[in-house]
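**Student:** Curious how this folds, go ahead:
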Amino acid sequence: MADSKGSLETLNNLIQTCRNGQTGYLHAATKIKDPQLKAFFDEQSRERARFAVELTEEAKKLGKVASGKMGTVTGLLHRAWFELKADIGGGDMGIVRSVKMGESRAQNAYEQAVSSSLPDDVKPVIARQYESVKAAYDHVRNYKGKVVARSA
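**Tutor:** As a prediction, this is how the structure comes out:
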């Protein structure tokens, strides 16, 4: 049986992770020059917003949902860091590396959630979202590989 307080904490953590991703992807989309990546980042931002809404609905069933719409301070600092890298000449590759780092954190949060004790009706939601987060990470990682190969 899942512990309601622990499950709520896990869901609130994922909600913040999704809000960080939503804002981070949106920010990256405004900085990236590659039109395909811009479209991908825009779509991922919208998807993370949908994920946060889904998770919020699940969290409401268990208790109080964490306040805040924009993510965490860590997410804000991460976005500021990749903006600085873009401004000092990191270009698209600097943004891609920063997005990859953010996606790695999101994967870790989902891995912890998947391995935690959650109510049976929440597990499929988390599993589906986790698969999407992994696919986004792979997309960004594979893009990075293409850029490195082209510049070599």
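
**Student:** Show me where the chain has its helices.
**Tutor:** Taking DSSP state H as the criterion, the chain contains helices spanning 4-31, 35-62, 73-85, 91-114, 123-151.

**Student:** Name all residues that make contact with V125.
**Tutor:** V125 makes contacts with 54-55, 58, as judged by CB atoms under 8 Å, 6 or more residues apart in numbering. (Each C-beta comes from the backbone N, C-alpha and C, glycine too.)

**Student:** returning to that earlier point: can you put the helices of the chain in TSV and add mean pLDDT?
**Tutor:** Converted to TSV, these look like this (pLDDT from 0 to 100):
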stretch	mean pLDDT
helix 4-31	92
helix 35-62	95
helix 73-85	51
helix 91-114	92
helix 123-151	81
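
**Student:** Just give the closest residue to A127, not the sequence neighbours.
**Tutor:** V114 (6.5 Å; CB to CB, 6 or more residues apart in numbering).

**Student:** Skipping its backbone neighbours, what lies nearest the residue positioned nearest the centre of the chain in space?
**Tutor:** The residue lying closest to the centre of the chain (CA atoms, centre = their mean) is G21, at 3.3 Å. Spatial nearest neighbour of G21, excluding adjacent residues (CB to CB, 6+ apart): R48 at 3.9 Å.

**Student:** just to revisit the earlier point, so of the helices of the chain, which one's packed in deepest?
**Tutor:** Stretch with highest mean neighbour count among those: helix 4-31 (a mean of 21; mean count of other CB atoms under 10 Å).

**Student:** doesn't M93 make contact with I32?
**Tutor:** No - using CB atoms under 8 Å, I32 is not in contact with M93; the gap is 10.2 Å.

**Student:** Correct me if wrong: the residue nearest to the centre of the chain contacts V99.
**Tutor:** No - with contact defined as CB under 8 Å, G21 and V99 do not form a contacting pair (9.4 Å).

**Student:** Compute the distance from the centre of stretch 32-44 to the centre of its chain.
**Tutor:** Distance of stretch 32-44 from its chain centroid, counting by CA atoms, centre = their mean, to the nearest Å, is 15 Å.
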